[in-house]
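> fold the following, please.
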Amino acid sequence: MEKRAVLAAVLMAALLLVYQFLFVKPPEPTAPAAKKEAPAGSPSTPAAPTASTPAPADAPPAAREAPAVAQRTATVETPLYAAIVDSRGGRLSGWTLDYRGKKPMVIDGELGPRGLVVRRGGGPAQPIPLNLSAEAVKVAKGEPVGVLEMSGEDGYGLLVKQTLRFSADTYVVERQIRVENRNTTAQSAEVAVDWAAPVEWPKDQAEKFHGQHPVRVARLVSGAVQRTDLAHTTSYVGPGSWVGLESEWYVAALIPVGPGLQLVENKRAETRPGAAKPVEFADVGLRGTITALGPGQVWEARAIEYVGPKEYERLKALNVGLEKSIYFGGFPLPQAYGGLPMEWLAVPILWVMHLFFSYTHNYGVAIILLTVITKVLFFPLTIKSMSSMKAMQALQPQVNAIRSKYKSDPQRLQAETMALYRTHKVNPLGGCLPMVVQIPIFYALYVALSVSVELQNQPFVCFGRLFGADLWICDLASYDPTYVLPILMGVSMFVQQRMTPVMGDPRQAKMMLFMPVVFTFMFLNLPSGLVLYWTLSNVLQIAQQKYMEWSGAKTEKAPARAPKKA
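As a prediction, the model looks like this:
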């Protein structure tokens, strides 16, 4: 029975490992039906009340030709990223992170924002041509904030002004929008800022880095994150804290500040010349409704955009719940107790790992220290588990004899077996319960390592490159190209299984010895940081088992020496 419990625990841990890392998507909550837009926007001068949808004015304004604006771009340089701002709606036509290497988050025409657009009466969105106040913005420690202003007209008398603020120590861009009606007639329109991502990544373009292509749409509404695969993006217009496009390690999020803007999600198809079929895009953004804006009145709104890595502390510092974009998952518990959010355990583990890194400057060493401390903390439980397993192993011949004697009487068999355990003061669950207590912690360790973007491009023991290939572990977030570490993990797991006390059916023991082979193949393409943790955990477990054998042998020899001394 004890062997079955151990087998069940190992299989459960293996199932959780395979389920989490092979990118089984997070649970997709049922997306709420598209909501009607709430009143948005507030003119800076008295204006007519807003409505849920743009209502036509008494006399629609006559279209007139907007002033010609030459298309220009402005470059933005900061210590954390480099960006390009286009005069068409002030969109970001380029955004390259300087994070563990150069990582382009925007691919013009494929992935990125569409800029500020204006829509009237359900018609198509029109980007506003804007005049840029500068051709270059440079932000450094001496000048921590850079400002880029732009303005233009839409051809109906709406003067649109937009201000972008860039900071030296954050991946956030602050966006302020101001719309003034210079026509003699009241006007209604929608103002939107969108980000778009292709549902299917172009086959002729390889990803520049792992996570460049977003895989999900996510939004935070009423404190709960709702995630949807790009292919299943639904229409949504309503309130919320933020909306964005995310991969496992990176996110591009739009965050409304104050009233005036609502979250928007939808999927659209774009027909391209020469394409066999339309290209599908998932769009997320912010939308503001301007209703009956009178002559001379002004509508204003503010928003911020975060485009960068999912660093927990950096996201939490925004104080908008964006740290919830990191999906830690949950550990399953009986239905009566709900689930155990891994965030409760994984976040402290991440904090400790970053603390070790601040001293060692090597995340591989930080993982080793974290694993050692975890094993030391759980050493008393490990001793209890091993002692119980050895006691069960010693009683196994008597248990087998009782099974043979009462095999036709299950009730008597159970009663005699429990009486035997009581006589020798052995708890049949003593070897399993300590292991069950440790599983959530070890699973939280695994989750913390798998979602930690800080491991990307971080070496452990790197000897350089030869013929374009890394020599051993030059990136803890990538697999070991030499496969040395997964093989060591398999060998250590095999040794550990051989040292585990054998109880119950010997055929189950042989099946347990097959587990290292399965785990070795499963770990071949997992991140080196995870494999390092698992390998070291096995080695420490072997050391603990050897210690138990040594201390047990020493205890048995002690009574034999006592009479000789007497």
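> burial measure for the spatially closest residue to residue 463 that is not a sequence neighbour, as a count.
In this structure, residue 463 finds its nearest non-sequential neighbour in residue 471, 3.9 Å apart by C-beta to C-beta, 6 or more residues apart in numbering. (Glycine included, C-beta is placed from N, CA and C.) With neighbours defined by other C-beta atoms under 10 Å, the count for residue 471 comes to 14.
> list the contacts of the most centrally placed residue in the chain.
Closest to where the C-alpha atoms of the chain average out (C-alpha atoms, centre = their mean) is residue 326, at 3.4 Å. Listed by C-beta atoms under 8 Å, 6 or more residues apart in numbering, the contact set of residue 326 reads 310, 312, 315, 451.
> does the first one really touch residue 453, like I thought?
Yes - proximity of residue 310 to residue 453 meets the contact threshold set by C-beta atoms under 8 Å, at 5.4 Å.
> more neighbours: these two, which one.
Ranked by neighbour count (other C-beta under 10 Å), residue 310 and residue 453 place residue 310 first, with 23 against 20.
> where does the prediction get shaky in the stretch 51-200 of the chain?
With pLDDT under 70 as the threshold, the stretch 51-200 of the chain has low-confidence stretches at 51-69, 122-123.
> how about residue 353, phi and psi?
Backbone torsions for residue 353, taken as degrees, to the nearest 10, come to phi -60, psi -40.
> what's the neighbour count on it?
Count around residue 353 with other C-beta under 10 Å applied: 22.
> all the strands of the stretch 351-500 of the chain, residue numbers only.
461-466, 469-473 (DSSP state E, counting those that start in this stretch).
> in this structure, where's the longest strand?
In the chain, assigned by DSSP state E, the strand with the most residues is strand 279-293.
> pull the distance from the following helix or strand past that strand to the chain's centre.
Using DSSP states H and E, the helix or strand that follows strand 279-293 towards the C-terminus is strand 298-309. How far strand 298-309 lies from its chain's middle: 22 Å, per C-alpha atoms, centre = their mean, to the nearest Å.
> before we move on, back to that, let me see the contact set for the residue nearest to residue 463.
Residue 471 neighbours (C-beta under 8 Å, 6+ apart): 462, 463, 464, 465, 482.
> neighbours of the fourth one, how many?
In this case it means residue 465. 11.
> beta partners of it?
When bridges are taken as DSSP bridges, the partners of residue 465 come out as residue 470.
> that one touches residue 474, doesn't it?
Yes - between residue 465 and residue 474 there is a contact at 7.5 Å, judged by C-beta under 8 Å.
> what is the least confident helix or strand in the protein?
Of the helices and strands making up the chain, the lowest-confidence element is strand 42-43, at a mean of 40, by mean pLDDT, DSSP states H and E.
> show the subsequent helix or strand relative to it.
From strand 42-43, the next helix or strand downstream (DSSP H and E) is strand 73-77.
> quick check: can you list the domain ranges of this protein?
42-310, 345-555 (automatic domain parsing).
> need those in TSV (columns: distance to residue 320).
Below are the domains of the chain laid out as TSV (distance: least, C-beta to C-beta, whole Å):
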stretch	distance to residue 320
domain 42-310	5
domain 345-555	17
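> off-centre distance for stretch 185-202?
26 Å.
> buried set for it?
Buried positions in stretch 185-202, judged by neighbour count with 16 or more other C-beta atoms under 10 Å: 185-199, 201.
> go on, stretch 142-152?
So, applying 16+ other C-beta under 10 Å, buried residues of stretch 142-152: 146, 148, 149, 150, 151, 152.
> I'd assumed residue 140 was in contact with the first one.
No - in this structure residue 146 lies outside contact range of residue 140 using C-beta under 8 Å: 9.2 Å.
> shared neighbours, the two?
Counting by C-beta under 8 Å, 6+ apart, the residues touching both residue 146 and residue 140 are residue 78.
> could I have the CA atoms of stretch 125-142 written out in CSV?
Extracted in CSV, the C-alpha atoms of stretch 125-142 (Å, rounded to 0.1, in the frame of the first residue of the first chain):
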residue,chain,number,x,y,z
ALA,A,125,-11.5,54.1,-38.1
GLN,A,126,-9.4,56.9,-39.5
PRO,A,127,-5.9,57.5,-38.1
ILE,A,128,-5.3,61.2,-37.5
PRO,A,129,-2.2,62.7,-39.2
LEU,A,130,-0.3,64.6,-36.6
ASN,A,131,2.5,67.1,-36.5
LEU,A,132,5.4,66.0,-34.2
SER,A,133,7.1,68.5,-31.9
ALA,A,134,10.5,66.9,-32.2
GLU,A,135,12.4,64.4,-34.3
ALA,A,136,14.2,62.7,-31.4
VAL,A,137,13.6,62.2,-27.7
LYS,A,138,16.5,61.0,-25.6
VAL,A,139,15.9,60.0,-22.0
ALA,A,140,18.8,59.2,-19.6
LYS,A,141,19.6,59.4,-15.9
GLY,A,142,20.3,63.1,-16.2
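> report the buried residues of it.
125, 126, 127, 128, 129, 130, 132, 137, 139.
> closest one of these to residue 379?
residue 139 (50.2 Å; C-beta to C-beta).
> ok, now how distant is the closest one from residue 485?
41 Å (C-beta to C-beta, to the nearest Å).
> and for residue 90?
Residue 90 is 48 Å from residue 485, by C-beta to C-beta.
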